[in-house]
Each structure stands twice: as structure tokens, then as C-alpha cells.
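In: next comes the sequence, and after it the predicted model I'd like to discuss.
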Amino acid sequence: MVKISIIVPIYNVEKYLSAFFKSVESQNFKDYELILINDGSTDNSYSYCLDYKNKHQNVILINKKNSGVSSARNIGLERARGKYIYFCDPDDILNSNLLEENYEIAEKYKANVVIFGYDMHSMHRNIMHRNMININVPKKEFLESNHQFQKKFPQLCENGFINYVWNKFYLKDSLSNLKFENVDIGEDFRFNLNYSKKLSKVYCNPKSYYHYLIDRPNSAMHASWRKNINYQIEEDKIIVDIINNVWQKKEDLNFISFKNWLGYRTAQYILSSSLSIVEKKKLIDKVFSLKDINILNYTPNSIKEEYNLKVIKYRKYTCILIIDRLVRSLKNKVRDCKIFCVRMKDSLN
């Protein structure tokens, strides 16, 4: 038995595979199997994977008809022989110490899952920008029981640590035949929510090990506003159901505050979208209709949040459009001014 199974769904990512494979090969920890599931790619991804498999004995390559990332990962789980499972995407980059350090933590604490930090990079013409957003777990912490995890859940959720599978190191036996749901977007989050219901022995590792590349043309992040928003509303319903009916925390003040934050977050997401005022109103009304979520009881943490809350309360959605246009106009003027100054400096030199 190998110690770690790395499960990777592959779909039309030939441009990124070379860098991804290099990051896997650079791992200090070598006792792993790499399970590549080609999900009906129409580019040269399968050929790249086949070539890589022929050069490495620890690679398993599965070729299948296209049926989505959830199906691919589920097949990977069925084939995995490792004590631990690590999911990642082939268009991202792994730090060389990812497997080694998180394996050591998992073994030391007998953890069911290790949650760690990550970096987000924007892409332009397939080039990873140097400037990045570093997303670190708030602090080093070992949560030994489901009760302790429940208390930490709102903070982890608000900071974006429940959303993904590639910033987690799972003990295979703790997954209990858990499968990914066949949904268009958000399959990671659904998987982790189901996993969270009875989760214990969670180690929060504040270090970053994963480089997540955003703004890719084929990324699921490029799904339509309407689809993303409707998914997020469904997501809010699932979270509330877990809090109220699984954890029995309906009257817990901390969770009441968290549920109101969920509603505000979704309403703010709607306001920031490129949808029409009429569509925004309909979707925000949908959020208002969610059971056990009261947006107007959310306590704002900044002047901007306070302003947005008033916009939501009094339905003054046109204000958002006016402010957004003014901000964009101001940014454009500042950019033009900088360009002018640079040109003037060059001409004087």
C-alpha cells in the first residue's frame, strides 16, 4: 500500500500539464501514486498523460468519456490505494513540501483531515502574475471533536477554507464512501459540507502549499452570474440545514449571526454582478425568502458593508450602478493619468 493517492481529473488542460507534472515530481515525499483520470479531453491532454505514465511507474491513467469532474474524482477514489487522499487540479501548482509536511502532521495528530493555506494568482495570456493573494488558515489549531469543529466552522467558511478540496489532506478511511455529487459547479463545497457533518480530528495548518490559478478561460469560475448566484443560494440552504438539523444549533447565537452573514454575502454577490437591476431585485428577494436567514439583522463590519446593507434594506439598487460607474470612471482616470506621467517622464529623459 502506498501512503498517499493523488487524484487528478484531466480535461483540456494541455497548456498547464508540463508545469503541473514538474510540481508533482518536485515533491520531497515520494511514496505516492498519481491517479490521472482523463475525462474525455478533446485536446492533447490524454497524449501528454500517456507519455508521462510511460515514464513513471507510480502513475495510473484512466481514460473515460466526458461526464464531469465529480465522476472523474469518484472513479479516482475507487482506484485509490493510499492511506491518505489528496485531490488537486492539473492547471494549478503544488509546493514541493505539500505532501511531506501535511503527511507528517496527519500522522502525528492522527488527523482525519489537514486544512492548509493557498495562494491565488490571476492569469493573463496564460502567464501567472507575480502579485498574488495569500489565503492562510487563521491559526495553527487541532480540533479534536466535532463540537470543536462546529465552533470553528463559521470562521473557516467565511475565510474560504471549506470551499475547495485541494487545500485539504484527507484520511481515506474517514471519507466513509463519500462521493462527489454530479453538479455543474460547487462540487468541492458540497463534498466538504457532507464530510463536515460528523467531522472530528481536524488540523488547521496556516502554511500555504498550493497555487490556485484564477481567470482561466475554461475555468468553472467563468460560469454565468445567474448560475453561480442560484448555486450559492442553494448552498446557503444546505449550510442552514446542517446547522439546524444535523448539529442542532438553530438557536445558537454564533450560528444565528453566521446565517445572517450568509444571506448578506449572497446579496452582496448579487449586487456586484453584471445582471440587470430587475434580475438583481428578483434574486435578492429570493435570498430574503430563505428560511432562518435574516439579512437585515447582519452586523456590518465596515462603512461599505453598512452602505450596502442600507441599499439592500431600502431596495435602492440603482445606487449601486451609479457608484460602480463612478468608481470605474475614477479608476480609468487614475490609470490614464499614470500613463500620461510615464510618457512625460520618458519624453523629458
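Out: Here it is on my side, so go on.
In: secondary structure element for Ala19, which one?
Out: Using DSSP states H and E, Ala19 sits in helix 14-25.
In: for that helix, packing partners?
Out: With contacts taken as 3 or more C-beta pairs under 8 Å, 6 or more residues apart in numbering; DSSP states H and E, helix 14-25 sits against helix 45-55, strand 93-94. Heads up, the C-betas are built off the backbone N, CA and C, glycines and all.
In: and it, C-alpha only, in CSV?
Out: Extracted C-alpha coordinates of helix 14-25, given in CSV (Å, rounded to 0.1, in the frame of the first residue of the first chain):
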residue,chain,number,x,y,z
GLU,A,14,-2.6,20.5,-22.2
LYS,A,15,-1.1,24.0,-21.7
TYR,A,16,-0.7,23.5,-18.0
LEU,A,17,0.3,19.9,-17.7
SER,A,18,4.1,20.4,-18.1
ALA,A,19,4.2,22.8,-15.1
PHE,A,20,1.8,20.7,-13.1
PHE,A,21,3.8,17.5,-13.6
LYS,A,22,7.0,19.3,-12.6
SER,A,23,5.4,20.4,-9.4
VAL,A,24,4.4,16.8,-8.6
GLU,A,25,7.9,15.5,-9.4
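In: which pLDDT value goes with Lys280?
Out: The confidence metric pLDDT takes the value 88 at Lys280.
In: that one against Ser273, yeah?
Out: Yes - here Lys280 reaches Ser273: they are 6.9 Å apart, a contact under C-beta atoms under 8 Å.
In: tell me which of the two has more neighbours.
Out: Lys280 (23 against 17; other C-beta atoms under 10 Å).
In: quick one: that one and Ala267, what's the gap?
Out: Using C-beta to C-beta, to the nearest Å, Lys280 is found at 9 Å from Ala267.
In: and the helix or strand where Leu213 lies, which strands flank it?
Out: Using DSSP H and E, the element containing Leu213 is strand 202-214. According to DSSP bridges, strand 202-214 has the following sheet partners: strand 93-94 (antiparallel), strand 113-124 (parallel), strand 141-143 (antiparallel).
In: reformat those as CSV; add distance to Tyr32.
Out: Below are the strands paired with strand 202-214 laid out as CSV (distance: least, C-beta to C-beta, whole Å):
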stretch, distance to Tyr32
strand 93-94, 11
strand 113-124, 15
strand 141-143, 24
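In: between the ones you listed, which one is closest to Lys172.
Out: strand 113-124 (10.9 Å; C-beta to C-beta).
In: off-centre distance for stretch 240-253?
Out: Its chain's average C-alpha position is 24 Å from that of stretch 240-253, according to C-alpha atoms, centre = their mean, to the nearest Å.
In: which parts of that stretch are buried?
Out: Val240, Ile242, Ile243, Asn244, Trp247, Lys249, Asp252 (16 or more other C-beta atoms under 10 Å).
In: repeat for stretch 278-287
Out: By neighbour count on 16+ other C-beta under 10 Å, the buried set for stretch 278-287 is Lys280, Leu283, Ile284, Val287.
In: from the residues you listed, which is closest to Asn228?
Out: For the buried residues of stretch 278-287, the nearest to Asn228 is Leu283 (10.8 Å; C-beta to C-beta).
In: hang on, the closest one in a helix?
Out: Yes - checked against DSSP: H, G, I helix; E, B strand; the rest coil, Leu283 lies within a helix.
In: which SS class is Ser5?
Out: Assignment for Ser5 (three-state DSSP): strand.
In: show me the contacts for it.
Out: Contacts of Ser5 were listed using C-beta atoms under 8 Å, 6 or more residues apart in numbering, and they are Tyr32, Glu33, Ile35, Gly76, Arg79, Ala80, Arg81, Gly82, Tyr84, Ile85, Tyr86, Lys172.
In: out of those residues, who's nearest Asn66?
Out: Nearest to Asn66 among the contacts of Ser5, with distances taken as C-beta to C-beta, is Gly76, at 15.4 Å.
In: show me which residues of the helix or strand harbouring that closest one are buried.
Out: Counting by DSSP H and E, the element that carries Gly76 is helix 69-79. For helix 69-79, burial by neighbour count (16+ other C-beta under 10 Å) applies to Val69, Ser70, Ser71, Ala72, Arg73, Asn74, Ile75, Gly76, Leu77.
In: surely the last one is in contact with Tyr86?
Out: No - under the criterion of C-beta under 8 Å, Leu77 lies out of contact with Tyr86, with a separation of 11.7 Å.
In: which phi and psi does Leu171 have?
Out: phi -80, psi 120 (degrees, to the nearest 10).
In: gap between the closest residue to it other than its chain neighbours and Tyr11?
Out: Nearest residue to Leu171, sequence neighbours excluded (C-beta to C-beta, 6 or more residues apart in numbering): Asn112, at 4.8 Å. As judged by C-beta to C-beta, Asn112 and Tyr11 stand 29 Å apart.
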